[in-house]
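# Sequence first, predicted model second:
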Amino acid sequence: MTDFYDIDRANARLPEVRRVLEQLRSERLDLIALRDRLAAARRRAEAPGDGRTLVDEALGGAAGGAAGGAAGGAPGSEVSDSARVLDARIRAVIDQMEAAVARLDAWSVQLRDIEGGLADFPALVNGRQVWLCWQLGEDEIRFWHDLTSGFGGRRPLIELS
């Protein structure tokens, strides 16, 4: 069942929503960086020999041992070790993001865009369901839109009747 907000209640919830959206935005950037590092590690595994080990790459460390692999490691073992490290880190970030989205869902707040920090709060106005629309960088809720128009249909609260 949807929990409807009035403007005051939605504005009171903003500090918590702001923290969650800022966390999601940061984790999104972390996830992109980890994905890129995993792709680079895989490319490096296909053309080894620059002096950095794949584990160094996965952990973001400095140049490693001898060209071609970690000391004592079997050929190709760095690839799987590096991929496992990065996969585990990626899974952890995804788990954190899923928990953050679940918090928003528990509050009946709809996440619309992580990068833009956009969220909607369900509201009833004269028996009509609308979304109170808020974006990171705004200090309070000042806009709304109907259920089908989305962000492009945002209108000032003064027009809500």
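It's in.
# mind checking how far residue 10 is from residue 134?
Look at residue 10 and residue 134: by CB to CB, to the nearest Å, they are 7 Å apart. In short, each C-beta sits where N, CA and C put it, glycine included.
# With neighbour numbers in mind, choose between the two.
residue 134 (28 against 23; other CB atoms under 10 Å).
# so the more buried one makes contact with residue 144?
No - assessed by CB atoms under 8 Å, residue 134 is found out of contact with residue 144, at 9.8 Å.
# quick check: longest helix of this protein.
helix 7-46 (DSSP state H).
# which residue ranges form the helices in this protein?
7-46, 54-59, 77-106.
# Looking at the ones you listed, which is nearest to residue 121?
Nearest to residue 121, of all these, is helix 7-46, at 4.3 Å by CB to CB.
# follow-up on the earlier one: common neighbours of residue 10 and residue 134, please.
Any residue near both residue 10 and residue 134 by CB atoms under 8 Å, 6 or more residues apart in numbering counts here, and that gives 121, 141.
# circling back: can you list the helices and strands that the longest helix of the chain packs against?
Helices and strands touching helix 7-46, by 3 or more CB pairs under 8 Å, 6 or more residues apart in numbering; DSSP states H and E, are helix 54-59, helix 77-106, strand 118-125, strand 128-135.
# cutoff 6 Å now
Secondary-structure packing of helix 7-46 (3 or more CB pairs under 6 Å, 6 or more residues apart in numbering; DSSP states H and E): helix 54-59, helix 77-106.
# Check which residues of the last one are buried.
The neighbour-count criterion (16 or more other CB atoms under 10 Å) identifies 78-79, 81-83, 85-86, 89-90, 93, 96-97, 100, 104 as the buried residues of helix 77-106.
# circling back: in JSON lines, list the helices and strands packed on helix 7-46 along with mean pLDDT and distance to residue 118.
As requested, those are exported to JSON lines (pLDDT from 0 to 100; distance: least, CB to CB, whole Å):
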{"stretch": "helix 54-59", "mean pLDDT": "46", "distance to residue 118": "33"}
{"stretch": "helix 77-106", "mean pLDDT": "88", "distance to residue 118": "12"}
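# mind checking which of the ones you listed is nearest residue 26?
Using CB to CB, the nearest of the helices and strands packed on helix 7-46 to residue 26 is helix 77-106, at 9.8 Å.
# tell me what that closest one is packed against?
So helix 77-106, by 3+ CB pairs under 6 Å, 6+ apart, packs with helix 7-46, helix 54-59.
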